[in-house]
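Q: have a look at this prediction, sequence included:
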Amino acid sequence: MKRRAARKKAVHFITSKSAEVELAPWGKHWWLSKPGLTGTEQLTLVRITMRPGAGHQFHYHPAREEIIYVVDGVAEQWVDREKRRLKAGEIAFIPKNVVHAIHNSSKEALTFLAILSPANADGPFLVDCYEEEPWRSLRAPFTYPQVDPKTGRRRVRRGT
């Protein structure tokens, strides 16, 4: 009789304390579901809080579809060359290989959920293309302030 390899026990509940937290230049990420965290094979879910003026520049996912769901605030959402302002409760659907970007052009924090599928796909998770045309002309690339990875606070360079 053949024995099946032991499967890692699936995690069915994630709390704020058990989420994986990552500080990206454009905001704080709470990974709520992804392979290695929940045992999911098809879905990735991340909650992102983006400070005013920040954004995730033009990029695409070669093998993943994505849904952006705005929880709080207003998002400047690009899908291909189309731009919309999304408010709480609104979504954008982004097919695989379609260039997109999100920016918080308001004075308040933006919180949104990004749902991507499949969770496990060959190739890179995303490909940046913000320095290429026509994306560079649609929204000029911007630089991010340095952020302390331990505190999440912007580093301030003091004059000498």
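A: In hand now; what should we look at? These numbers were taken from a predicted model, which means no experiment stands behind them.

Q: which residue ranges of the protein form helices?
A: Taking DSSP state H as the test, the helices found in the chain are 135-138.

Q: so which residues of this structure form strands?
A: 20-24, 27-33, 44-50, 55-60, 65-72, 74-79, 82-87, 91-94, 100-103, 110-117, 127-128 (DSSP state E).

Q: low-confidence bits of the protein, can you list those?
A: Low-confidence segments of the chain (pLDDT under 70): 1-9, 142-160.

Q: so which residue is dead centre in it?
A: For the chain, residue 114 is the residue whose C-alpha lies nearest the centre (Cα atoms, centre = their mean; 5.7 Å).

Q: find the residue closest to that one in space, skipping its chain neighbours.
A: Excluding its sequence neighbours, the residue lying closest to residue 114 (Cβ to Cβ, 6 or more residues apart in numbering) is residue 46, at 5.0 Å. Heads up, the C-betas are built off the backbone N, CA and C, glycines and all.

Q: report the contact partners of the closest residue to residue 16 other than its chain neighbours.
A: Nearest in space to residue 16, with sequence neighbours left out and distances taken as Cβ to Cβ, 6+ apart, is residue 30 at 7.1 Å. Residue 30 makes contact with 16, 19, 20, 21, 46, 47, 48, according to Cβ atoms under 8 Å, 6 or more residues apart in numbering.

Q: now these as a markdown table including neighbour count and distance to residue 106?
A: Listed next are the contacts of residue 30 as a markdown table, based on neighbours: other Cβ atoms under 10 Å; distance: Cβ to Cβ, whole Å:
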| residue | neighbour count | distance to residue 106 |
| --- | --- | --- |
| 16 | 9 | 24 |
| 19 | 17 | 25 |
| 20 | 13 | 27 |
| 21 | 11 | 23 |
| 46 | 18 | 21 |
| 47 | 17 | 18 |
| 48 | 22 | 15 |
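
Q: and these, which two are furthest apart?
A: Comparing every pair within the contacts of residue 30 by Cβ to Cβ identifies 16 and 48 as the most remote, at 14.1 Å.

Q: before we move on, the earlier item: return the distance of the residue nearest to the centre of the chain relative to residue 131.
A: From residue 114 across to residue 131, the span is 22 Å (Cβ to Cβ, to the nearest Å).
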